[in-house]
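> A structural model of the following input is requested.
(2 chains)
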Amino acid sequence: NAGVTQTPKFQVLKTGQSMTLQCAQDMNHEYMSWYRQDPGMGLRLIHYSVGAGITDQGEVPNGYNVSRSTTEDFPLRLLSAAPSQTSVYFCASSYRLAGYEQYFGPGTRLTVT
Amino acid sequence: AQSVAQPEDQVNVAEGNPLTVKCTYSVSGNPYLFWYVQYPNRGLQFLLKYITGDNLVKGSYGFEAEFNKSQTSFHLKKPSALVSDSALYFCAVIRSGSARQLTFGSGTQLTVLP
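Below is the predicted model:
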């Protein structure tokens, strides 16, 4: 199993540009989520999905969109990049029940200038 | 609402000494508690979890954690630290039966000195 994969590993955007961060998992997990990691703030939940066709907002959803057309894929779209979105982004997946641990991808380091 | 506090940004310990990384939580209802570790330029890796049962939980790489309901704590421990344990450690909580919104602490950087 490849686990959770993310592309790209690094990205530099100019303010106002849009892009999609890709996330895929091959473990047949129902639950997938996107976090951003900023120094001293831990991980903050952006959006999550409990299954194909179902998404919901997390703690910091503004400026981001998601969709879940398949169990495997959960892309994160930045609509109009802002310097405040400079961060490291992690995708995670797990089985649906709350007691299961999450598996994390390697992350995407995004810089918005 | 649920929250996690990791009161120490940095913990330094000598190799071979015991280590403790502290975590306290706040949640309505019964908590599920997790510890994750992050090595430089990597994603988070699961270490251990408390769901129910024995308050002392054993996990990967010789780590263990003790759930203390009265003190709402879930401290991570290891009897003898290794230099390779140096990493960023995150505690996380979720209320049992909730819609999967895991809340993370701000992280504790552990440095094991040779």
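> Torsion angles phi and psi at the closest residue to chain A within chain B?
Taking C-beta to the nearest C-beta, chain A has its nearest neighbour within chain B at residue B:43, 3.6 Å off. All C-beta atoms are positioned from the backbone trio N, CA, C, and that covers glycine. Main-chain dihedrals, residue B:43, degrees, to the nearest 10: phi -80, psi 170.
> That one: what's it in contact with?
For residue B:43, the contact set (C-beta atoms under 8 Å, 6 or more residues apart in numbering or on different chains) comprises A:4, A:90, A:104, A:105, A:106, A:107.
> gap between it and residue A:4?
7 Å (C-beta to C-beta, to the nearest Å).
> residues from chain B in reach of chain A?
Taking C-beta under 8 Å from any C-beta of the partner chain as the contact definition, chain B meets chain A at B:4, B:9, B:32, B:34, B:36, B:41-46, B:49, B:51, B:90, B:94-102, B:104-107.
> can you rerun that using 7 Å?
B:32, B:34, B:42-44, B:46, B:49, B:51, B:90, B:94, B:96-98, B:100-102, B:104-107 (C-beta under 7 Å from any C-beta of the partner chain).
> from chain A, which residue is nearest to chain B?
Going by C-beta to the nearest C-beta, chain B is nearest to residue A:104 of chain A, at 3.6 Å.
> Go ahead and confirm that residue touches residue A:92.
Yes - using C-beta atoms under 7 Å, residue A:104 is in contact with residue A:92, at 4.7 Å.
> Tell me the residues that contact both of those two, please.
residue A:4 (C-beta atoms under 7 Å, 6 or more residues apart in numbering or on different chains).
> What separation do you get for residue A:49 and residue A:73?
10 Å.
> pLDDT score for the residue of chain A closest to chain B?
The score at residue A:104 is 94. That number is its pLDDT.
> Tell me how far it lies from residue B:78.
Counting by C-beta to C-beta, the gap from residue A:104 to residue B:78 is 22 Å.
> next one: residue B:35
Note on residue B:35: its distance to residue B:78, by C-beta to C-beta, is 11 Å.
> can you check residue B:57 too?
Taking C-beta to C-beta, one finds residue B:57 at 13 Å from residue B:78.
> now do residue B:59
From residue B:59 across to residue B:78, the span is 10 Å (C-beta to C-beta).
> Which one's more surrounded, these two?
Set residue B:59 next to residue B:78 and count neighbours by other C-beta atoms under 10 Å in any protein chain shown: residue B:78 wins out with 21 against 18.
> hey, what's the more buried one bridged with?
Beta-bridge partners of residue B:78, counted by DSSP bridges, are residue B:19.
> Which of the residues of chain B next to chain A fall within strands?
When the residues of chain B next to chain A are checked against strands (DSSP state E), the matches are B:32, B:34, B:44, B:46, B:49, B:90, B:94, B:104.
> which residues touch the spatially most central residue of chain A?
The residue lying closest to the centre of chain A (C-alpha atoms, centre = their mean) is residue A:34, at 2.8 Å. With contact set as C-beta under 7 Å, 6+ apart, residue A:34 has these partners: A:46, A:47, A:66, A:76, A:89, A:91.
> With adjacent residues omitted, what lies nearest to the second one?
This means residue A:47. residue A:66 (4.3 Å; C-beta to C-beta, 6 or more residues apart in numbering or on different chains).
> Fine, thanks again, bye for now.
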